[in-house]
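> 3D, please:
(one chain, ligands or ions: 1)
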Amino acid sequence: MVKFLDLAAQYQSIKQEIDSAIRDVIEKSAFIGGEYVSKFEQEFADYINASHCVGVANGTDAIEIAIESLNLPKGSEIIVPANSFIASSEAVTRQGHKVVFVDCDPESYVISIEDIRKRITLNTKVIIAVHLYGHPCDMDALQDIAKQHRLYIIEDCAQSHGAEYKGRKVGSIGDIAAFSFYPGKNLGAYGDGGAISTNNGELAKKSRMIANHGRIAKYDHEFEGRNSRLDGIQAAILSVKLKHLPEWTDKRIAIADSYLTELNDIPQIALPIRQKWAKQVYHLFVIRVDDRDDLAKYLACNGIQSGVHYPISLPKLMAYSYTNQASENLYANKFDSKLLSLPIGEHLTQEELKKIVSTVKKYFTSREHSPKLR
Ligand SMILES: *Cc1c(COP(=O)(O)O)cnc(C)c1O
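Numbers count the residues shown, from 1 in each chain. Presented below is the predicted three-dimensional model:
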């Protein structure tokens, strides 16, 4: 079986480091706050070259807290890409603001700059730039729009640890950024985890206070916040895994490059296009095909797992029927039945990669398996 994700195999490859890190935290009872959390926050800030990193409980909280830290008037309009995971938009509504969906770019699948321009009103306050599938958004274009209309940019980096825009790591470019360390992400904990990064000291301080009951000192609460903390065991695990991230990322890029070369001559497949300014870290390798479900079934029959990200565009979810954007003529609304994520990650062997490529090729070349002829 070729696995889509294999966290057990990854653990075996770093077992000693992980086990000793977990033991250290337990022996020192450094469960909440403390040295392991501070150490990881510093290491991660250094890695993405941001001035501040605040560990929080998960990526969804990170987006919510980032929004709250901006202190916007209630009911502000916030622009969110129509092609993303629901956490990107959920955080907006939970903070009392209004979601405005914007289409995706048909090549790289990140937010469409042209469509943003059409959606801005006097109430627009924020653009959530989701670096989807590990591909950075066009940050220069976003910053031009943000400057012109006095908007904030929140980067959603849940799928893009280590991705670069024109040589700068994402999470250090917008006003404030959110990371997820959900186990399956490129940098994943052994449970939930997340972080906020920013170069703005005020926003960092505000976020840290919101995530810790609105306080700085133990019982000195300036305002009501919440409890959203990265715990010591997760932080220690993340410190270990951060050291391996560059190597794992290189492996993802190499696999993506193989797919891009090997599948290039199949006209029925639209391959993802990496923009020239992008270092994409391929959290997902997403192709577009007409008979997606049939290809997925064929792969499964041949022992290859695949995924769909995402099977229903955000505007078409019942949760967003009130936006009336489900029937809009958006790429995002049309692509959701065509997207297929092929396995990618440091767990894949050369042999498995070859098997995936040859199985996909066979599906499209053999008459026997062509859906049209069946
Ligand atoms: C995973 C993900 C999140 C949410 O992260 P959690 O840690 O699961 O809360 C947010 N945005 C995107 C784009 C994601 O993929």
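> which residues touch stretch 329-336?
For stretch 329-336, the surrounding residues in contact (C-beta atoms under 8 Å, 6 or more residues apart in numbering) are 81-83, 101, 103-106, 109, 112, 115, 288, 310-316, 326-327. (Each C-beta comes from the backbone N, C-alpha and C, glycine too.)
> Give me the subset of those residues lying in helices.
Under the assignment DSSP state H, the contacts of stretch 329-336 contribute Asp115 to helices.
> Which strand in this protein has the most residues?
Secondary structure of the chain per DSSP state E: the longest strand is strand 124-130.
> mind listing what the residue in the stretch 51-200 of the chain that the ligand sits nearest to touches?
The nearest approach of the stretch 51-200 of the chain to the ligand comes at Gly59, 2.5 Å away (C-beta to the nearest ligand atom). By C-beta under 8 Å, 6+ apart, the residues touching Gly59 are Ala87, Asp156, Ala158, Ala178, Phe179, Ser180, Phe181, Tyr182, Lys185, Gly194.
> Leaving out chain neighbours, which residue sits closest to it?
Among residues not flanking Gly59 along the chain, Ser180 sits closest, at 2.4 Å (C-beta to C-beta, 6 or more residues apart in numbering).
> ok so, going back, show me what the longest strand of the chain is packed up against.
Strand 124-130 sits against strand 77-81, helix 87-94, helix 139-149, strand 152-156, with contacts defined as 3 or more C-beta pairs under 8 Å, 6 or more residues apart in numbering; DSSP states H and E.
> Just the angle for that strand relative to strand 152-156, thanks.
20 degrees (axes from the mean of the first three to the mean of the last three C-alpha atoms, to 10 degrees).
> hang on, the earlier thing: dihedrals phi and psi, the residue of the stretch 51-200 of the chain closest to the ligand?
As for Gly59, its main-chain torsions (degrees, to the nearest 10) stand at phi -70, psi -30.
> Give the buried residues for the longest strand of the chain.
Buried residues in strand 124-130, defined by neighbour count with 16 or more other C-beta atoms under 10 Å: Thr124, Lys125, Val126, Ile127, Ile128, Ala129, Val130.
> What ranges in this protein fall below the confidence cut-off?
Within the chain, the segments meeting pLDDT under 70 span 367-374.
> What separation do you get for Gln275 and Ser341?
Separation of Gln275 from Ser341 (C-beta to C-beta, to the nearest Å): 19 Å.
> What of Arg168?
Using C-beta to C-beta, Arg168 is found at 27 Å from Ser341.
> about what we covered before: look up the residues forming beta bridges with the residue nearest to Gly59.
Ser180 forms beta bridges with Gly194, as assigned by DSSP bridges.
> Assess the claim that it and Ala158 are in contact.
Yes - between Ser180 and Ala158 there is a contact at 3.7 Å, judged by C-beta atoms under 8 Å.
> Which residues are in contact with each of these two?
Here Ser180 and Ala158 share the contacting residues Gly59, Ala87, scored by C-beta under 8 Å, 6+ apart.
> coming back round to it: and Arg168 and Ser341? Which one has more around it.
Using other C-beta atoms under 10 Å as the criterion, Arg168 and Ser341 rank with Ser341 on top: 19 against 15.
> Quote the end-to-end distance of stretch 55-64.
End-to-end span of stretch 55-64 (C-alpha to C-alpha, to the nearest Å): 13 Å.
> Enumerate the positions of it that are buried.
For stretch 55-64, the neighbour count (16+ other C-beta under 10 Å) marks Gly55, Val56, Ala57, Asn58, Gly59, Thr60, Asp61, Ala62, Ile63, Glu64 as buried.
> Which of those residues fall in strands?
Members of the buried residues of stretch 55-64 lying in strands (criterion: DSSP E): Gly55, Val56.
> Distance to Val360 added to the buried residues of stretch 55-64, as TSV?
Below are the buried residues of stretch 55-64 laid out as TSV (distance: C-beta to C-beta, whole Å):
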residue	distance to Val360
Gly55	40
Val56	39
Ala57	39
Asn58	34
Gly59	31
Thr60	33
Asp61	38
Ala62	35
Ile63	34
Glu64	39
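> Return the residues in contact with the closest residue in space to Ile253 that isn't next to it in sequence.
Leaving aside its chain neighbours, Ile253 sits nearest to Tyr282 (6.3 Å; criterion: C-beta to C-beta, 6+ apart). The contact partners of Tyr282, by C-beta under 8 Å, 6+ apart, come to Tyr133, Gly134, Arg252, Ile253, Ile255, Ala256, Ile344.
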